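Undergrad: Here's my sequence, what's the structure:
(4 chains)
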Protein chains: 2
Amino acid sequence: MYRRRWIYGQSCVSVYILMSVTIREVARQANVSTATVSRVLNGSGPVAESTRLRVTQAVVDLAYEPNAVARSLVSSATHTIGILLPDISNPFFPELVKGVQLLADDRRYTLLLLNTEASAIREASALSTLRGKRVDGVVMVGLTTRPEQIKEVLGTEIPVVVLDRAMRPGSFTVVRLDHGRGAAMAMTHLVELGHRRIAHVAGPRGLELSRQRTGGYRAALRRLGEPADPRLLLRGDFSELGGSVAVEQLLDAGLDFTAIFAANDLSAIGAIRALQTHGLRVPDDVSVIGFDDIQLAGYVTPALTTIRQPTYAMGRRAAELLIDAVEGTGSLTPRTVLFEPELVVRESTAPPAR
Amino acid sequence: MYRRRWIYGQSCVSVYILMSVTIREVARQANVSTATVSRVLNGSGPVAESTRLRVTQAVVDLAYEPNAVARSLVSSATHTIGILLPDISNPFFPELVKGVQLLADDRRYTLLLLNTEASAIREASALSTLRGKRVDGVVMVGLTTRPEQIKEVLGTEIPVVVLDRAMRPGSFTVVRLDHGRGAAMAMTHLVELGHRRIAHVAGPRGLELSRQRTGGYRAALRRLGEPADPRLLLRGDFSELGGSVAVEQLLDAGLDFTAIFAANDLSAIGAIRALQTHGLRVPDDVSVIGFDDIQLAGYVTPALTTIRQPTYAMGRRAAELLIDAVEGTGSLTPRTVLFEPELVVRESTAPPAR
DNA sequence: CAAGGTTGTGAAAACGCTACCCCCCTGCCG
DNA sequence: CGGCAGGGGGGTAGCGTTTTCACAACCTTG
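TA: All right, here's what the predicted structure looks like:
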């Protein structure tokens, strides 16, 4: 159970070093064959009680931990799933990861965490790594790569679930929020409070997610029969600054509005800041509603009314679909699993003055 | 390059399935031995230019990706490091993970993310998993287990770096903030503003980290020659609620104080809430300083003055130490690497009234 | 031109496990 | 009492790599 290894130091002294103990040593210690040890460890095939005891004793004595690498090589299953995301320090993602994480834990899977910096090159390289490591499945969060490219790099053998990104239908299984419905809820809330002139700080161009939220805004106006004033639709970039700039533009243009629907919380916070800077009170003069319900939302002043995403649950569901597919109890026929948003009313919205 | 695999469907149809392509198929395609392919792939040993070309061509044609599992089995190195943490959704950790992540990326290592829920049992089980998977090294964040136990479960062969936890000196390499110095900076700031009666909301009992921050508070009072009024020292639990409760106690006791040093930002925010509820203005009536500088700190009203931890840099450094040790270019003789905190002055502190 | 490098390549032995195949018992049934 | 089912366990062939070791062909050099 010890192997010799020579260390050439200054004085060329030989030293015994404890090497990782293998199934063979356990077998020898318990006076059985490696096959039997394997049977005991995996509960495959019948083993006499007395033998089982000898083996487990040997396992404990030698502090034996089966080599998962060797195991994976023969079983061609790693019990590992990869999760790809743009940036773990973006406050929206950790909760998502936690959902995936906890379900994976339950099912005895481990998570390989790769970051992509939202760069297509890094995404491709991460996918190669995952393919090389033969992960059993992959969860891709907020990616930028096109579906065909993903399959090209990752191959077609590894199950994939896409989280928090709309994809061309028919390419992958997607788990995401019903953004359109969230936008509708936000608009309904404002309209029910009595607002009519509602401005919108949109997300960055080109993101399916922005399109859907802004689409919800437009649809709500249509339902209202309110003519959509294009000057009330400002392009933002999901950042605080973007929200401030949008409000500056609205005020500079001297436009009439009583409420703002921002495409995410950070924009909303920026918008509130800018309004306050110009002496406007929220919600007394202008109501503001955000989207996402990040932790911040409850802490700013006034606390932000917003649309909550069930982030944790979405992560969990994505992991569940993936692992079911991996274990063959489920299939990943491309489809979209939508989650329902929830309106969280706090202090930043109120009926319009007068 | 294709292997046959029989699928027994309803109609017992046989299907060709693309199996993961191996080095043998590449070798056959390029008309060389597997040894040569390996040499080309790893740049080990000389290969004729013409052969190299044939091989790389075959690799591309077959979309071959070496099986890292098999590779690990023979090289007994997985190019993977494990990171253990209590809860990824705690806003303090993602930044830490990002530091570790990015350095690992640079060095071509991948991260295995395990969560422990701050439970010793889960910690032990996570360590077993990591040992089984033969990770090259482990970063442990904010753990609760005792050092001896860690070594017992993980074995002594896997290098470990402990992040953000004080350990008995001589057990592990530790990377952490100089909490005592941070506390001193906080206290110095308050004292320089003119405060003398300073209350402290401590962290939970039993955490080395709490002890150090509270130690810094006590030491500062000693330096000041101020008699430490034990009634000004409240036990918190790092939560917002803890901060509120502490302030309630202070006010109920009718104690005289002009400033509060909270052991973390969340406590500070709770304290501010409670003060405001009782009609006290921050910082006009009472100054409050926090610790950590989480994202929230800059967004609450008033924006929180606090002590910043260089979280990202600490993560990076921990990963660097670990990987250096793994690759044999550095050693992990137990020691502590301290990082310097930084005072961030915002709006929650000011000179005392009068 | 013989002796001794280099360079380029293949055969085959690990790495630590699981799974298959086979054999030896023992007990039971016809 | 022979046959046979089935429990219990050993031997060993892979899994897909890397890494010796061996060897052939070629190039030096004296």
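
Undergrad: close to DNA strand C, is stretch A:99-115?
TA: No - Stretch A:99-115 does not reach DNA strand C (C-beta under 7 Å from any atom of the strand); its nearest approach is 13.9 Å. Quick note: C-beta positions are derived from backbone N, CA and C, even for glycine.

Undergrad: can I have that stretch written out in CSV, keeping just the CAs?
TA: The C-alpha trace of stretch A:99-115 is given here as CSV (Å, rounded to 0.1, in the frame of the first residue of the first chain):
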residue,chain,number,x,y,z
GLY,A,99,-30.7,26.4,-8.4
VAL,A,100,-28.7,24.2,-10.8
GLN,A,101,-26.2,23.4,-8.1
LEU,A,102,-28.7,22.2,-5.5
LEU,A,103,-30.6,20.0,-7.9
ALA,A,104,-27.3,18.6,-9.2
ASP,A,105,-26.3,17.9,-5.6
ASP,A,106,-29.5,16.0,-5.0
ARG,A,107,-28.8,13.8,-8.0
ARG,A,108,-25.2,13.4,-7.1
TYR,A,109,-23.8,15.4,-9.9
THR,A,110,-21.0,17.9,-9.7
LEU,A,111,-20.8,21.2,-11.4
LEU,A,112,-18.0,22.4,-13.7
LEU,A,113,-18.1,26.2,-13.8
LEU,A,114,-16.9,27.9,-16.9
ASN,A,115,-17.0,31.6,-17.7
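
Undergrad: That stretch near chain B anywhere?
TA: Yes - residues of stretch A:99-115 contacting chain B under C-beta under 8 Å from any C-beta of the partner chain: A:101-102, A:105, A:110-115.

Undergrad: so what's A:Val345 closest to, chain neighbours aside?
TA: A:Thr305 (5.1 Å; C-beta to C-beta, 6 or more residues apart in numbering or on different chains).

Undergrad: Report the contact partners of that neighbour.
TA: A:189, A:287-290, A:343-349 (C-beta atoms under 8 Å, 6 or more residues apart in numbering or on different chains).

Undergrad: how about 7 Å then?
TA: Residues near A:Thr305 by C-beta atoms under 7 Å, 6 or more residues apart in numbering or on different chains: A:289, A:344-346, A:348-349.

Undergrad: Against chain B, how distant is it?
TA: Plainly put, A:Thr305 is 16 Å away from chain B if you go by C-beta to the nearest C-beta, to the nearest Å.

Undergrad: How about that residue: which residues does it bridge to?
TA: A:Ile289 (DSSP bridges).

Undergrad: one step back: could you identify the buried members of the residues of stretch A:99-115 next to chain B?
TA: A:101-102, A:105, A:110-115 (16 or more other C-beta atoms under 10 Å in any protein chain shown).

Undergrad: okay, those residues in TSV with secondary structure and pLDDT next?
TA: Shown next, in TSV, are those (DSSP: H, G, I helix; E, B strand; the rest coil; pLDDT from 0 to 100):
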residue	secondary structure	pLDDT
A:Gln101	helix	97
A:Leu102	helix	96
A:Asp105	helix	95
A:Thr110	strand	97
A:Leu111	strand	98
A:Leu112	strand	98
A:Leu113	strand	97
A:Leu114	strand	96
A:Asn115	strand	93
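
Undergrad: rewinding a little: what is the nearest of the contacts of A:Thr305 to DNA strand D?
TA: Proximity of those to DNA strand D (C-beta to the nearest atom of the strand) peaks at A:Val344, which lies at 50.5 Å.

Undergrad: so that closest one bridges to which residues?
TA: Here A:Val344, judged by DSSP bridges, has bridge partners A:Thr306.

Undergrad: which residues touch it?
TA: A:293, A:305-306, A:308.

Undergrad: Could you tell me which residues of the stretch 151-300 of chain A lie near chain B?
TA: With C-beta under 7 Å from any C-beta of the partner chain as the criterion, the stretch 151-300 of chain A meets chain B at residues A:157, A:269, A:295-296, A:299-300.

Undergrad: I would like a PyMOL command selecting only the buried ones among those, please.
TA: Here is the PyMOL command that selects the buried residues among those (16+ other C-beta under 10 Å):
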select buried, chain A and resi 269+295+296+299+300
